[in-house]
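In: take a look and give me a structure for this.
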Amino acid sequence: MREATLRRAILFTLLVFTAFRPALAQQTTFQGLALDRFTPAARGGDFFDLDSLDLRGKVSFAGGVTLDWADRPLIEYMPGNANAAVVGDQLYLHLGADIVLFDRVRFGFNLPLALQQSGNSVSLGSEQYAAPTGFAAGDLRLDGDVRLFGVRGDAATAAIGVSVYVPTGSPSQYTGDGSAAVDGHFLLAGSGTYWTYALRVGFLYRGNQDVLDGIPTGSLLEGGAAVGVRLLDGDLVIGPEIYGDTGVANGQSVFDYATTPLEAILGVHYRIGPVLLGLGGGPGLSQAFGTPAFRGLFSIDWAPLPPPPAPPDRDHDGIPDSADACPDTPGVANADPKLNGCPPPPPDRDHDGIPDAVDACPDVPGVASDDPKKNGCPKDTDNDGIPDSEDNCPTVPGPASNHGCPVKQKQLVILHKTKIEILQKVFFKTNKAAIQRRSFKLLNQVADILASHPDIEHLQVEGHTDDTGSPAHNEKLSQARAESVKAYLVKRGVSEDRLVARGFGQDRPIASNATSKGRAANRRVEFNIVGAGGDGGSALAPAPLQ
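Out: Numbers count the residues shown, from 1 in each chain. Next up, the predicted model:
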């Protein structure tokens, strides 16, 4: 009886196995794909996924690592298998570096390494989804970007670029597509003192065209946006970023909930010298494959800031235009702001400001002159060849043997406080105003006194007669003689504005007209000071005449 029962059980098992053998033979294992949807931006920026477009420097380098932990990035939401995590968690280490050339072109790479993965194998219908195990490399990303306009710090900087994914990952470990992929993208970013932002749109062509549980996994439209607040002189940036993509394998998958991975991250980046630290995290916003329930990020970048651009220097002489007194002419540094950046002045041995090439006296400081023979020579007012600084009589020509003063001659005038006393008479032709030649030396000395005493503002030249003739005739004659003396002094260089001619005729005698001697004394010319120093008082010391 027992043997009959055992035979029937074995037969039933064989029948069941035979019945189900075709179905078991048709079950296949999903080949896998690159599951992680996080792609780090170029190193040294303000955000994790979005690019800040810092393409400064003739040659500048940045490199770093990012730890990327994703919680349940692949879950099957099928009846009877709800929340079955094929990939329960992934921990990636992203190694990346970038180099900028010519302030415009950037090349870089990113290599993801799955340090730890876990999950559960799941069978759905005829397909088996194997859980990942252990360490695996991801697809190597090679980047190239070109700046179109703007620079870091402008309100808008734009660039276009291409990323090529080399199939170095493992599809079965969900770290690679098993085939190359190419991403073309447009980037826009901007920043100010207290803000920063970044945008990205692109198209990713994937060679992997598998179907995951009926969902196409091919090429994608992608995009993202980020904004941030700058604090602590710009060293601290805090802000959210959102990024994702959508499948375009067929028209039904575009922006479908199951084919549109979407994530949000709140990030903090803090710069300490050349080191940039980042910490962030955020939830997945859809249930598409690759979207985790939560993603955490931590980064360390070595990204020294490039030196600030050199200030404008139009003439390329090494002196900034802002400090260059001659910005369009190459020059040399000078402590004088009015000469800084200007060509060096021509040789000037005596430092009088007149170049040696046109200085008639290059070894003696002098003054400028229209006369080439005197230009740069010491001042010589009386043109006697003796510098004023060495001329005892700078306004009167004289020989060097007498220290620039005229040769000693008989003193004919004496300067007092209220008048110029003459020690000889001024002789005129009889009954006329014409001055006789013998009085020229006397009047020359009067002119010299006025030239050496500019403080005498006004001198009254007075004409007087005796009582011979009618009073009217005498007044007219005395006025004419005063005018004649004034004209002679003006001719000798005395300003006409300093002289006044007055004729008093016979009204002011100084002796009796009853004798010939008295009448001769009354026929006279006087020089009275009516300007400065002419208000009376003791007489001045006589002016020296030589």
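In: would you mind writing the CA trace of stretch 400-410 as PDB?
Out: Only the C-alpha atoms of stretch 400-410 are listed here, as PDB (Å, rounded to 0.1, in the frame of the first residue of the first chain):
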ATOM      1  CA  ALA A 400      80.800 141.600 -14.400                       C
ATOM      2  CA  SER A 401      83.800 143.400 -13.100                       C
ATOM      3  CA  ASN A 402      81.500 145.600 -11.100                       C
ATOM      4  CA  HIS A 403      79.100 142.800 -10.100                       C
ATOM      5  CA  GLY A 404      76.500 143.600 -12.700                       C
ATOM      6  CA  CYS A 405      76.200 147.300 -11.700                       C
ATOM      7  CA  PRO A 406      77.000 150.300 -14.000                       C
ATOM      8  CA  VAL A 407      80.400 151.800 -13.700                       C
ATOM      9  CA  LYS A 408      80.500 154.300 -10.900                       C
ATOM     10  CA  GLN A 409      79.400 157.700 -11.900                       C
ATOM     11  CA  LYS A 410      78.600 161.000 -10.200                       C
END
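In: show me what that stretch is in contact with.
Out: In this structure, residues lying in contact with stretch 400-410 by Cβ atoms under 8 Å, 6 or more residues apart in numbering are 382, 384-386, 390-394, 396-399, 441, 545-546. Heads up, the C-betas are built off the backbone N, CA and C, glycines and all.
In: swap in stretch 262-272?
Out: Counting contacts by Cβ under 8 Å, 6+ apart, the residues outside stretch 262-272 that touch it are 37-38, 45-49, 228, 232, 234-244, 276-286, 288, 291-292, 295, 297.
In: likewise for stretch 291-304?
Out: Residues contacting stretch 291-304 (Cβ under 8 Å, 6+ apart): 37-38, 40, 43-44, 48, 60-73, 90, 261-263, 265, 267, 273-285.
In: helix/strand/coil for the closest residue to Asp388 other than its chain neighbours?
Out: Spatial nearest neighbour of Asp388, excluding adjacent residues (Cβ to Cβ, 6 or more residues apart in numbering): Pro394 at 4.2 Å. For Pro394, the assignment made with DSSP: H, G, I helix; E, B strand; the rest coil gives coil.
In: so Pro394 is in contact with Asn383, correct?
Out: No: counting by Cβ atoms under 8 Å, Pro394 sits too far from Asn383 to count as a contact (10.5 Å).
In: who has more neighbours, these two?
Out: Remark: of Pro394 and Asn383, Pro394 carries more neighbours, 20 against 8, as counted by other Cβ atoms under 10 Å.
In: state the distance from the residue nearest the centre of the chain to Phe47.
Out: The centre of the chain sits closest to Pro311, judged by Cα atoms, centre = their mean, with a distance of 4.9 Å. From Pro311 across to Phe47, the span is 31 Å (Cβ to Cβ, to the nearest Å).
In: equivalent analysis for Ser121, please.
Out: Counting by Cβ to Cβ, the gap from Ser121 to Phe47 is 36 Å.
In: quick one: which of those two has more around it?
Out: More crowded of Ser121 and Phe47, by other Cβ under 10 Å: Phe47, with 28 against 12.
In: just for this protein, where's the confidence low?
Out: 1-32, 75-85, 124-127, 208-216, 249-253, 257, 401, 408-409, 531-546 (pLDDT under 70).
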